[in-house]
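Peer 1: need coordinates for the following:
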Amino acid sequence: MALNVTIPKRIPFMPWIKIPAATIALNGAARVIPAKDADPGVIQALMGAMPDHSELAGQISIIEVEPRGHFATYGVGVSLLAMRDPKTARGRVPVA
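Peer 2: Residues are numbered from 1 along each chain as shown. The predicted structure is shown next:
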């Protein structure tokens with residue numbers, strides 16, 4: 001399974017300026033867990049702000065991803081100007 005996560009970037013005082021999002025890509029093994037079988041702490045963290053989420057527990061599932069190999073990043077931890085240079089903006093981090 002492959003997963004790409006985007007991280008929006010913006011300039012705080014000039015939000016109208018378009019900036020490419022930073023990304024994290026990873027490969028791993030995924031497993032689908034019915035919400036009713038998941039740890040209650042996980043359910044609370046994911047759905048705590050939703051009113052009366054206990055009714056939804058039988059209708060939803062959670063996807064647990066165990067990353068393997070490395071995380072490939074672009075624009076994570078670099079300045080906006082550094083994102084212009086792909087060699088500087090790219091990164092690879094091994095999965096611990």
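
Peer 1: and the helices in this protein?
Peer 2: Remark: helices assigned in the chain by DSSP state H are 40-47, 86-89.

Peer 1: any idea how far the longest one is from the middle of the chain?
Peer 2: Relative to the mean C-alpha coordinate of its chain, helix 40-47 is positioned 17 Å out (C-alpha atoms, centre = their mean, to the nearest Å).

Peer 1: check contacts around the closest residue to Gly28 other than its chain neighbours.
Peer 2: Spatial nearest neighbour of Gly28, excluding adjacent residues (C-beta to C-beta, 6 or more residues apart in numbering): Pro67 at 4.2 Å. The C-beta positions use only the backbone N, C-alpha and C, and glycine is treated the same way. Applying C-beta atoms under 8 Å, 6 or more residues apart in numbering, we find Pro67 in contact with 26-28, 95.

Peer 1: same thing but at 6 Å, please
Peer 2: Listed by C-beta atoms under 6 Å, 6 or more residues apart in numbering, the contact partners of Pro67 are 26, 28, 95.

Peer 1: picking up where we left off before, let's have the helices of the chain in a markdown table, adding mean neighbour count.
Peer 2: A markdown table is the format used below for the helices of the chain (neighbours: other C-beta atoms under 10 Å):
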| stretch | mean neighbour count |
| --- | --- |
| helix 40-47 | 12 |
| helix 86-89 | 12 |
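
Peer 1: Ala2 is nearest to which of these?
Peer 2: Smallest distance to Ala2 across these (C-beta to C-beta): 20.1 Å, for helix 86-89.

Peer 1: what's that closest one in contact with?
Peer 2: 74-75, 78, 82-83.

Peer 1: pLDDT averaged over it - what is it?
Peer 2: The pLDDT scores in helix 86-89 average 92.

Peer 1: and it, how far out from the chain's middle?
Peer 2: How far helix 86-89 lies from its chain's middle: 21 Å, per C-alpha atoms, centre = their mean.

Peer 1: can you check stretch 82-91 too?
Peer 2: Worked out by C-alpha atoms, centre = their mean, stretch 82-91 lies 20 Å from the chain centre.
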